[in-house]
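*Asks:* Starting from these lines, generate the structure:
(chains A and B)
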There are 2 protein chains.
Amino acid sequence: MRGIAYLLGAVVLLSGVVVYMAHASGQADRNAAPIFGVKIPPGYRDWRLISVAHEEGKLNDLRAVLGNDVAIAAYRDGTLPFPDGTIIARLAWSYVPSEENNKAFGRSQSFVPGPQPDWYLQFMVKDSKKYAATGGWGFAQFDKDGKPADEAMHKTCFPCHEPAKAGDFVFTHYAP
Amino acid sequence: MRGIAYLLGAVVLLSGVVVYMAHASGQADRNAAPIFGVKIPPGYRDWRLISVAHEEGKLNDLRAVLGNDVAIAAYRDGTLPFPDGTIIARLAWSYVPSEENNKAFGRSQSFVPGPQPDWYLQFMVKDSKKYAATGGWGFAQFDKDGKPADEAMHKTCFPCHEPAKAGDFVFTHYAP
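*Replies:* Numbers count the residues shown, from 1 in each chain, chains lettered A, B, ... in the order given. Sure, this is the predicted structure:
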């Protein structure tokens, strides 16, 4: 058992080195968001729920906000600013009526996730040194195929989040 | 290390026995839902996300649907009927505008979770033998203080879910 544990430890360490080398190579990566270099974190769809929301207007979506373990702990403890290592994921789906649910309810009232819009996936990654110029946060947006939005779009992230400075530039509150 | 592992194993086993004895005692439990005897499963707020929704009308809520590991695996694999051990949790919050978000967007469009309504928390628990009379599902509803809804309310659960028979009586689809 102990041998296997050491072996697993070595594999984990080695994986870390490979990831770091890929990151440090500095080559353009079409899977990384412009400006911030953020990539889609593996396993984000398994993260725990922070909250949900509905945006009307041009967005017209239903959204869920998930957090990695660092994010969830910070939210539950009320830790501000969020510690380095925090990653917050925002998933969005188009807002569509559910005919199936409406039939069961006997009236038209139920709205559920439809297809993913172009702004399907967003991340905020806390690294207070690397992203010092943008409140300590790196921002990223991807479509459902994992393609990052363009540089112009990523220039809008921090200015839009600046009004939420009191909450460390994060709009979403934890839903108990 | 091995000693600690054995000790932990013994504690886990013992906990199981205690839980089973409490369950088998058959005494009325004011924390258990009427008819089905379902209690709030520990740790449900840490479960993974299945989907989100908005209900208009009298409900006027935002909701998130979470699943235990059995539920998430079944959803992702498309397993129907859901296997015994599946638990699906539905959390609901009142639907309120976010002044903070609307300011940032420059228009009134953002709706977020407010206080929990009386129907805050619902569970569907799959046990095809125990709940054979109701499609294999036990149903439960609790308010934010963990108080189960009354028997009359619990009598409405299965009839309402019957139209979703093709999906094993579950309305919610997985949001990718």
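*Asks:* so which strand or helix has the nearest residue to A:Cys160 once chain neighbours are set aside?
*Replies:* Spatial nearest neighbour of A:Cys160, excluding adjacent residues (CB to CB, 6 or more residues apart in numbering or on different chains): B:Ala104 at 6.1 Å. Glycine gets a C-beta too; all of them are placed from N, C-alpha and C. Assigned by DSSP states H and E, B:Ala104 belongs to helix B:99-105.
*Asks:* List the contacts of the helix or strand following that helix.
*Replies:* The element immediately downstream of helix B:99-105 (helix or strand, assigned by DSSP H and E) is strand B:110-113. By CB atoms under 8 Å, 6 or more residues apart in numbering or on different chains, the surrounding residues in contact with strand B:110-113 are A:51-56, A:172-173, A:175, B:54, B:62, B:93-98, B:101-102.
*Asks:* Check the secondary structure at the residue nearest to A:Tyr120 when sequence neighbours are not counted for me.
*Replies:* Leaving aside its chain neighbours, A:Tyr120 sits nearest to A:Lys144 (4.7 Å; criterion: CB to CB, 6+ apart). Three-state assignment for A:Lys144 (DSSP: H, G, I helix; E, B strand; the rest coil): coil.
*Asks:* ok, now how distant is A:Lys144 from B:Ser94?
*Replies:* 30 Å (CB to CB, to the nearest Å).
*Asks:* C-alpha coordinates for stretch A:103-115, PDB please?
*Replies:* Below are the C-alpha coordinates for stretch A:103-115, written out as PDB (Å, rounded to 0.1, in the frame of the first residue of the first chain):
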ATOM      1  CA  LYS A 103     -48.400  20.600 -18.800                       C
ATOM      2  CA  ALA A 104     -47.800  19.100 -15.400                       C
ATOM      3  CA  PHE A 105     -48.400  22.500 -13.700                       C
ATOM      4  CA  GLY A 106     -51.500  23.100 -15.800                       C
ATOM      5  CA  ARG A 107     -50.200  26.600 -16.700                       C
ATOM      6  CA  SER A 108     -47.400  28.300 -18.500                       C
ATOM      7  CA  GLN A 109     -44.800  29.200 -15.800                       C
ATOM      8  CA  SER A 110     -41.700  27.000 -16.100                       C
ATOM      9  CA  PHE A 111     -38.400  28.100 -17.700                       C
ATOM     10  CA  VAL A 112     -35.500  25.800 -18.100                       C
ATOM     11  CA  PRO A 113     -32.000  25.700 -19.700                       C
ATOM     12  CA  GLY A 114     -32.000  25.500 -23.500                       C
ATOM     13  CA  PRO A 115     -29.000  25.500 -25.800                       C
END
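*Asks:* any idea which helix or strand of chain A has the worst average confidence?
*Replies:* helix A:2-24 (a mean of 46; mean pLDDT, DSSP states H and E).
*Asks:* Contacts made by the one helix or strand A:Gln122 maps to with the rest, please.
*Replies:* If you go by DSSP H and E, A:Gln122 is part of strand A:121-126. Residues from elsewhere that reach strand A:121-126 (CB under 8 Å, 6+ apart): A:36, A:38, A:40-41, A:44, A:70, A:81-92, A:131, A:136-144, A:161, A:169-170.
*Asks:* Out of those, which end up buried?
*Replies:* Those of the contacts of strand A:121-126 that meet the buried threshold are A:36, A:38, A:40, A:44, A:70, A:81-82, A:86-92, A:131, A:136-142, A:161, A:169-170, by 16 or more other CB atoms under 10 Å in any protein chain shown.
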